[in-house]
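[1] here you go, sequence then predicted model.
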Amino acid sequence: MPLMFDRIEPHSTVVVIGAGASGIAASEQLLANGFKVVLIEARDRMGGRASTQLVGSVPFDAGASWLTESQVNYLRTTAESSGAKLYPTDFNRALVQYKGVNVPVDLTEFMTAVERQLILPYIKSHIREFFGLRKTLPSMASMLDPLLKKYGAQAAYAREIITANEATNLDRTSIATLLNGHDLTGDNGWNPLPMDDVMIDGGMQGFVVSLAKKVKPSLGEAVQAAIRTESGITVQTTRRRLDADALIMTVPLGLLKAGIIQFDPALPTQHRAAIDRLGFGILKKTCLVYPESSWAKENHLVGLHDSPYFNFIVNVAAIAGQPMIMALSAGDKQIAADSLSIDELASELHSNVRATLGSDVPDPIDHSTTDWGNDPYALGSYSHSSLDTLGNEAEILQRPIAGRILLAGEALSDRNGYVDGAWNDGQRAASLIINN
């Protein structure tokens, strides 16, 4: 990988754009190594797509909700060591509303079948990778839909969960996500669904913000342009012009795809093409807050195959003891949910709650929903491998531009869509400057 110019030395000034997990990680690492950091954030808060709002008196994670996979997630370990209260979520055992019947499911058998289906494409993809060949992959739908007839509610539930994970319809996303986690040596099959995810007490935003130990961002300041000069970088914001030696851009992929920030000169052709090939989906969340949670059942998740608006329900009341239900909508269901008013959406969700978790569930006392697709500082939720993806997009986007500009964030990581992926990639970008 190309290195940064050797003129970027400690005490040089680095502008970091975006005070989400990636921007915080990059800033903290640069500060610890003697660099001057100017962290700029367009929002009036830190956290980026980790956004926690109080609905009634209950924290609602409108953005990122879970810390995942404890064995590989540095932030999960950090949260545990800090004494934060974590609430495990069991995605594998769920209730599924399927063809008018509530069906308990265990996905072990279905995921073993998926594992078998992946063997041939896994081998083919690694052969192509060995020879340096790039080829688009089949859609996720082509892999999962043939299993619906045999596995019924299991397959339907898995499809709803994965649709939300990809934040788009499965006929628009490739099987790359499944292949990335595939292991031919596994004895018990492989499960692409979350296995040991935890929700965090108080919400994700507060936790992410707590990781900013030294850096103090300039809030409410949006970046308009990044201009390369003979001596470095000039950053134009809504408030000022900043001269710096290097720039780390951690804005969401949605802004890069839309060309919201001007690059002068323009981004290299390969970078632009890689940005265009990646997908960036929308995940809508709707929550209901109830007067109490004594009605909470043991099922943490309820798959809603029958609903035109929701992929699944997260029973926060059963997970964390807080009287909240949260529903996730992606793909066609997100589009349909956006067509309803918030009151209509809340009514639809409450009907599903009563139909699956019990007719004794009281009426909700408050509700809220999200609209990430129209958020001007995100224009979507998180990235996925589209049908145009070749598999080399992250490697291309991680390359320094003119030795002065670095892109970073969840879309460039090997854990795209996750907070720890964003964090890790922010550290990667900072390390390139530190170790140049």
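    That came through, no problem.

[2] sec struct for Thr286, please.
    Counting by DSSP: H, G, I helix; E, B strand; the rest coil, the backbone at Thr286 sits in strand.

[3] ok, now how distant is it from Ala62?
    10 Å (CB to CB, to the nearest Å). Where you see a C-beta, it was placed from the backbone N, CA and C, and this is true even at glycine.

[4] could you tell me which residues touch both of those two?
    Both Thr286 and Ala62 are contacted by 368, 370, under the criterion CB atoms under 8 Å, 6 or more residues apart in numbering.

[5] all the strands of the stretch 101-250 of the chain, residue numbers only.
    101-106, 198-200, 223-228, 233-237, 241-244, 246-249 (DSSP state E, counting those that start in this stretch).

[6] actually the stretch 251-400 of the chain, sorry about that
    Under DSSP E, counting those that start in this stretch, the stretch 251-400 of the chain gives strands at 262-264, 279-281, 283-289, 301-304, 312-314, 324-330, 366-369, 382-384.

[7] take those and lay them out in CSV including mean pLDDT, distance to Asp196 and mean neighbour count.
    Below are the strands of the stretch 251-400 of the chain laid out as CSV (pLDDT from 0 to 100; distance: least, CB to CB, whole Å; neighbours: other CB atoms under 10 Å):
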stretch, mean pLDDT, distance to Asp196, mean neighbour count
strand 262-264, 98, 40, 14
strand 279-281, 98, 24, 24
strand 283-289, 98, 21, 25
strand 301-304, 97, 14, 27
strand 312-314, 97, 16, 26
strand 324-330, 98, 19, 27
strand 366-369, 98, 28, 20
strand 382-384, 97, 20, 27
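
[8] what about stretch 141-155, average pLDDT?
    The pLDDT scores in stretch 141-155 average 93.

[9] buried sites along it?
    Of the residues in stretch 141-155, 141, 143-144, 147, 151-155 count as buried by neighbour count, 16 or more other CB atoms under 10 Å.

[10] again with stretch 407-414
    407-413.

[11] same check on stretch 79-97?
    79, 84, 86-87, 89-92, 94-97.

[12] now render the strands of the stretch 251-400 of the chain as a markdown table, adding distance to Pro121.
    Shown next, in a markdown table, are those (distance: least, CB to CB, whole Å):
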| stretch | distance to Pro121 |
| --- | --- |
| strand 262-264 | 36 |
| strand 279-281 | 19 |
| strand 283-289 | 26 |
| strand 301-304 | 26 |
| strand 312-314 | 26 |
| strand 324-330 | 23 |
| strand 366-369 | 37 |
| strand 382-384 | 17 |
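
[13] what's the closest of these to Ile123?
    Proximity to Ile123, assessed across the strands of the stretch 251-400 of the chain by CB to CB, is greatest for strand 382-384 (23.2 Å).

[14] who touches the closest one?
    49, 166-168, 173, 177, 252-253, 278-281, 283, 410-411, 416-417.

[15] list the neighbouring strands of that strand plus their orientation.
    Its sheet considered, strand 382-384 pairs with strand 279-281 (antiparallel) by DSSP bridges.

[16] now the strand it pairs with, how far from the centre of its chain.
    In terms of CA atoms, centre = their mean, to the nearest Å, the centre of strand 279-281 is set 10 Å apart from its chain centre.

[17] ditto for stretch 52-63
    Worked out by CA atoms, centre = their mean, stretch 52-63 lies 18 Å from the chain centre.

[18] please put the alpha-carbon coordinates of that stretch into CSV.
    The C-alpha trace of stretch 52-63 is given here as CSV (Å, rounded to 0.1, in the frame of the first residue of the first chain):
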residue,chain,number,x,y,z
THR,A,52,-29.4,7.5,21.3
GLN,A,53,-32.6,9.3,22.0
LEU,A,54,-34.9,9.3,25.0
VAL,A,55,-38.4,8.1,24.1
GLY,A,56,-40.4,8.7,27.2
SER,A,57,-37.7,7.9,29.7
VAL,A,58,-36.3,4.9,27.8
PRO,A,59,-33.1,5.1,25.7
PHE,A,60,-33.8,4.3,22.1
ASP,A,61,-30.8,3.5,19.9
ALA,A,62,-31.9,5.1,16.6
GLY,A,63,-28.6,4.1,15.1
